[in-house]
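A.B. asks: below are the sequence and a predicted model for it; my questions follow.
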Amino acid sequence: MTAILITAPDTDVLTRDEVKRHLRVDFDDDNDVIDGMTQAAVDQLDPAGGGWLGRALRPQTWELQLAGFWQADCPHDYPLGAIVLPYPPLISIDSVSYVDSAGVTQALASVSGYRVLGQGSLKRQAIAPPFGQSWPATRNDAASVKIRFTCGYPVANPDADPAVVDRLPAPVKAWLKLYIGGLYQNRESFVSDSRQQVVELPAHIMQMISTSRIYG
């Protein structure tokens, strides 16, 4: 399977003001430097920037391409035939299409064509056929099945109806601030020890986001 980024995030994980308060910077000369370091830190985690957290930090759209509905591995807590989606949390399924055995592209409608499993949970969400049904037959070819979806944590918007709460895990934000702080203070990606050698961030800082990481 292949995941292709369709639309990158266009909202900040951390605002410049948040970062400057953490750094205790009250002048504007370093704004560009701080912005660059903030983006570099976010890219360490967010899949849109090639990060390793396995969790989308802000809304972004991806397309999962498969050679057939049968190809996806299914964890034991989802029914057989479920297709697990990367980069939770899922916001919406935008489209599900496939090329049938005659070579014609078909679209599946929500509810009648598929159902969403695990919506709102911390784990990866999945889609599956309606209960008691099976996926349709597809042409066995690369990208015969395309699932387009939007995922990530929306920015807080108290004026929305209903109000939107920022549910991005607090340890993720804290880790980003500490990482940016290390970059800003030392102008290196890691803090230096007493011998002025470059060392990795302390293990306890890395462990802060271990519960938010998605493996596989």
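C.D. replies: Yep, it's here.
A.B. asks: which stretches of the chain form helices?
C.D. replies: 16-23, 31-45, 170-186, 203-207 (DSSP state H).
A.B. asks: in TSV: the ones you listed, plus mean pLDDT, mean neighbour count and distance to residue 162.
C.D. replies: C-beta coordinates here come from the backbone N, C-alpha and C atoms, glycine included. Shown next, in TSV, are the helices of the chain (pLDDT from 0 to 100; neighbours: other C-beta atoms under 10 Å; distance: least, C-beta to C-beta, whole Å):
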stretch	mean pLDDT	mean neighbour count	distance to residue 162
helix 16-23	97	16	24
helix 31-45	95	17	27
helix 170-186	91	18	22
helix 203-207	78	11	34
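A.B. asks: and the ones you listed as TSV, adding distance to residue 117?
C.D. replies: Output for the helices of the chain, formatted as TSV (distance: least, C-beta to C-beta, whole Å):
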stretch	distance to residue 117
helix 16-23	35
helix 31-45	25
helix 170-186	24
helix 203-207	30
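A.B. asks: these: which one's closest to residue 87?
C.D. replies: Nearest to residue 87, of all these, is helix 31-45, at 11.3 Å by C-beta to C-beta.
A.B. asks: how about the CA coordinates for that closest one, as CSV?
C.D. replies: C-alpha atoms of helix 31-45 as CSV (Å, rounded to 0.1, in the frame of the first residue of the first chain):
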residue,chain,number,x,y,z
ASN,A,31,11.3,35.7,14.2
ASP,A,32,12.4,34.0,11.0
VAL,A,33,14.9,31.8,12.9
ILE,A,34,12.2,30.8,15.4
ASP,A,35,9.7,30.1,12.6
GLY,A,36,12.2,27.9,10.8
MET,A,37,13.1,25.9,13.9
THR,A,38,9.4,25.5,14.7
GLN,A,39,8.7,24.0,11.3
ALA,A,40,11.8,21.8,11.6
ALA,A,41,10.5,20.5,15.0
VAL,A,42,7.0,19.8,13.7
ASP,A,43,8.5,18.0,10.6
GLN,A,44,10.3,15.6,13.1
LEU,A,45,6.8,14.3,14.1
